[in-house]
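Q: sequence unknown, structure follows:
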(Lines give C-alpha, C1' and ligand atoms only; values in the text may rest on other atoms or scores of the structure.)
Protein backbone atom coordinates (compact mmCIF):
# COMPACT_ATOMS: atom_id res chain seq x y z
CA UNK A 1 0.00 0.00 0.00
CA UNK A 2 1.25 3.49 -0.81
CA UNK A 3 0.37 6.46 1.36
CA UNK A 4 1.63 10.02 1.40
CA UNK A 5 4.76 10.11 3.52
CA UNK A 6 5.03 12.36 6.53
CA UNK A 7 7.94 14.79 6.51
CA UNK A 8 11.13 13.01 7.56
CA UNK A 9 14.08 15.37 8.15
CA UNK A 10 16.64 12.70 7.28
CA UNK A 11 15.29 12.63 3.71
CA UNK A 12 16.00 16.32 3.09
CA UNK A 13 19.47 16.37 4.69
CA UNK A 14 21.21 14.77 1.65
CA UNK A 15 19.75 17.49 -0.61
CA UNK A 16 20.86 20.24 1.77
CA UNK A 17 24.41 18.88 2.05
CA UNK A 18 24.64 18.21 -1.69
CA UNK A 19 23.52 21.74 -2.56
CA UNK A 20 26.13 23.30 -0.29
CA UNK A 21 28.87 21.01 -1.63
CA UNK A 22 28.05 21.50 -5.33
CA UNK A 23 27.89 25.30 -5.03
CA UNK A 24 31.13 25.39 -3.03
CA UNK A 25 32.92 23.12 -5.53
CA UNK A 26 31.52 24.34 -8.87
CA UNK A 27 30.97 28.06 -8.21
CA UNK A 28 33.09 28.80 -5.12
CA UNK A 29 29.90 30.07 -3.46
CA UNK A 30 29.00 29.59 0.20
CA UNK A 31 25.20 29.47 0.45
CA UNK A 32 23.44 29.84 3.80
CA UNK A 33 20.63 27.31 4.29
CA UNK A 34 17.45 28.48 5.96
CA UNK A 35 14.83 26.58 7.90
CA UNK A 36 13.01 23.89 5.85
CA UNK A 37 9.28 24.28 5.50
CA UNK A 38 6.37 22.49 3.82
CA UNK A 39 5.21 24.23 0.66
CA UNK A 40 1.46 24.64 0.47
CA UNK A 41 0.84 24.92 -3.29
CA UNK A 42 2.54 24.51 -6.67
CA UNK A 43 3.45 28.17 -7.20
CA UNK A 44 7.17 28.70 -6.93
CA UNK A 45 9.06 31.88 -6.23
CA UNK A 46 11.40 31.62 -9.17
CA UNK A 47 12.07 32.53 -12.75
CA UNK A 48 13.72 29.24 -13.73
CA UNK A 49 13.61 25.74 -12.23
CA UNK A 50 15.29 22.42 -12.80
CA UNK A 51 13.06 19.44 -11.98
CA UNK A 52 14.06 15.79 -11.87
CA UNK A 53 11.99 12.69 -11.18
CA UNK A 54 13.10 9.77 -9.02
CA UNK A 55 11.77 6.22 -8.96
CA UNK A 56 12.73 3.03 -7.18
CA UNK A 57 11.33 0.02 -5.37
CA UNK A 58 10.83 1.81 -2.05
CA UNK A 59 10.60 5.48 -3.00
CA UNK A 60 9.35 7.74 -5.75
CA UNK A 61 9.18 11.47 -6.05
CA UNK A 62 10.97 14.47 -7.48
CA UNK A 63 13.37 17.27 -6.68
CA UNK A 64 13.35 20.84 -7.95
CA UNK A 65 15.82 23.71 -7.83
CA UNK A 66 13.91 26.99 -8.00
CA UNK A 67 15.86 30.16 -8.81
CA UNK A 68 14.86 33.80 -9.08
CA UNK A 69 16.83 35.39 -11.94
CA UNK A 70 19.38 37.25 -9.76
CA UNK A 71 20.44 34.11 -7.86
CA UNK A 72 20.89 31.85 -10.88
CA UNK A 73 22.72 34.62 -12.73
CA UNK A 74 25.12 34.96 -9.77
CA UNK A 75 25.71 31.20 -9.68
CA UNK A 76 26.20 30.75 -13.43
CA UNK A 77 28.47 33.80 -13.64
CA UNK A 78 30.65 32.28 -10.90
CA UNK A 79 30.60 28.82 -12.50
CA UNK A 80 31.50 29.97 -16.00
CA UNK A 81 33.74 32.90 -15.09
CA UNK A 82 31.85 35.51 -17.09
CA UNK A 83 29.01 37.85 -16.21
CA UNK A 84 25.50 36.83 -17.23
CA UNK A 85 22.78 39.48 -17.14
CA UNK A 86 19.83 37.51 -18.51
CA UNK A 87 18.55 33.97 -18.57
CA UNK A 88 19.64 32.40 -21.84
CA UNK A 89 20.40 28.88 -23.09
CA UNK A 90 23.76 28.78 -21.28
CA UNK A 91 21.98 29.56 -18.01
CA UNK A 92 19.31 26.92 -18.66
CA UNK A 93 22.05 24.38 -19.42
CA UNK A 94 23.72 25.21 -16.10
CA UNK A 95 20.40 24.78 -14.26
CA UNK A 96 20.14 21.30 -15.79
CA UNK A 97 23.71 20.48 -14.80
CA UNK A 98 23.19 21.76 -11.23
CA UNK A 99 20.01 19.68 -10.99
CA UNK A 100 21.90 16.56 -12.12
CA UNK A 101 24.82 17.14 -9.76
CA UNK A 102 22.76 17.98 -6.68
CA UNK A 103 20.28 15.15 -7.20
CA UNK A 104 23.07 12.67 -7.95
CA UNK A 105 24.97 13.55 -4.79
CA UNK A 106 21.75 13.45 -2.77
CA UNK A 107 20.93 10.05 -4.23
CA UNK A 108 24.18 8.71 -2.74
CA UNK A 109 23.14 10.09 0.67
CA UNK A 110 19.69 8.58 0.39
CA UNK A 111 21.21 5.19 -0.49
CA UNK A 112 22.77 5.21 3.00
CA UNK A 113 19.17 5.30 4.29
CA UNK A 114 18.40 2.21 2.17
CA UNK A 115 16.47 4.28 -0.37
CA UNK A 116 17.76 3.53 -3.84
CA UNK A 117 16.27 4.89 -7.02
CA UNK A 118 17.04 5.92 -10.55
CA UNK A 119 16.88 9.49 -11.75
CA UNK A 120 15.34 10.77 -14.94
CA UNK A 121 16.69 13.56 -17.09
CA UNK A 122 16.05 17.03 -15.67
CA UNK A 123 13.46 19.34 -17.16
CA UNK A 124 13.94 23.09 -17.08
CA UNK A 125 10.97 25.42 -16.64
CA UNK A 126 11.25 29.14 -17.28
CA UNK A 127 8.78 31.92 -16.51
CA UNK A 128 8.01 34.28 -13.67
CA UNK A 129 6.18 32.53 -10.80
CA UNK A 130 5.79 29.31 -12.76
CA UNK A 131 4.25 26.23 -11.17
CA UNK A 132 6.26 23.20 -10.13
CA UNK A 133 4.13 20.07 -9.79
CA UNK A 134 5.90 17.25 -7.96
CA UNK A 135 5.17 13.64 -8.85
CA UNK A 136 4.60 12.56 -5.26
CA UNK A 137 1.37 13.12 -3.40
CA UNK A 138 3.44 13.53 -0.24
CA UNK A 139 4.44 16.84 1.29
CA UNK A 140 6.79 19.14 -0.63
CA UNK A 141 9.71 20.05 1.61
CA UNK A 142 11.34 23.33 0.66
CA UNK A 143 14.76 24.50 1.86
CA UNK A 144 15.65 28.15 1.22
CA UNK A 145 19.28 29.06 0.54
CA UNK A 146 20.55 32.63 0.88
CA UNK A 147 23.12 34.15 -1.45
CA UNK A 148 24.32 37.71 -1.85
CA UNK A 149 21.84 38.10 -4.72
CA UNK A 150 18.81 36.64 -2.94
CA UNK A 151 17.15 33.34 -2.05
CA UNK A 152 16.77 30.17 -4.07
CA UNK A 153 14.99 26.97 -3.06
CA UNK A 154 15.56 23.24 -3.12
CA UNK A 155 12.32 21.29 -3.06
CA UNK A 156 11.84 17.56 -2.59
CA UNK A 157 8.71 15.44 -2.46
CA UNK A 158 8.72 11.70 -1.75
CA UNK A 159 6.33 8.83 -1.51
CA UNK A 160 7.64 5.88 0.47
CA UNK A 161 6.21 2.55 -0.69
CA UNK A 162 5.62 0.09 2.11
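A: Yep, that arrived. Here the structure is a predicted model, which is why all the values come from computation and not from measurement.
Q: Pull out the buried residues from the lengthiest strand in the chain.
A: The residue-count maximum for a strand in the chain (DSSP state E) belongs to strand 150-160. Within strand 150-160, the residues that count as buried by 16 or more other CB atoms under 10 Å are 151-160. Glycine gets a C-beta too; all of them are placed from N, C-alpha and C.
Q: what's the closest of those residues to residue 23?
A: Taking CB to CB as the measure, residue 152 is the one of these closest to residue 23, at 9.7 Å.
Q: what sits up against the least confident helix or strand in the chain by mean pLDDT?
A: Averaged element by element with mean pLDDT, DSSP states H and E, the chain has its least confident helix or strand at strand 118-119 (a mean of 75). The list of residues contacting strand 118-119 from outside it, by CB atoms under 8 Å, 6 or more residues apart in numbering, reads 52-56, 100, 103-104, 107.
Q: Lowest-confidence entry in the residues you listed?
A: Across the contacts of strand 118-119, the bottom pLDDT score, 77, is held by residue 56.
Q: returning to that earlier point: the longest strand of the chain packs against which elements?
A: Applying 3 or more CB pairs under 8 Å, 6 or more residues apart in numbering; DSSP states H and E, one finds that strand 150-160 contacts helix 9-27, strand 59-67, helix 69-80, strand 140-147.
Q: Confidence-wise, which of these is weakest overall?
A: For those, mean pLDDT drops lowest on strand 59-67, to a mean of 88.
Q: In the sheet, which strands lie alongside it, parallel or antiparallel?
A: The pairing partners recorded for strand 59-67 under DSSP bridges are strand 48-55 (antiparallel), strand 150-160 (antiparallel).
Q: Distance of residue 33 relative to residue 115?
A: To residue 115, residue 33 is 21 Å away according to CB to CB, to the nearest Å.
Q: Between the two, point out the one with more neighbours.
A: The neighbour comparison of residue 33 against residue 115 (other CB atoms under 10 Å) goes to residue 115, with 20 against 14.
Q: Pull the contacting residues for that one.
A: Counting by CB under 8 Å, 6+ apart, residue 115 makes contact with 11, 56, 58-59, 160.
Q: repeat that for 10 Å
A: When contacts are counted by CB atoms under 10 Å, 6 or more residues apart in numbering, residue 115 touches 10-11, 14, 54, 56-59, 61, 107, 109, 158, 160.
Q: cool, and residue 116?
A: For residue 116, the residues meeting the contact criterion (CB under 10 Å, 6+ apart) are 56-59, 107-108, 110.
Q: where's it, which helix or strand?
A: Element membership for residue 116, per DSSP states H and E: none, as it lies in no helix or strand.
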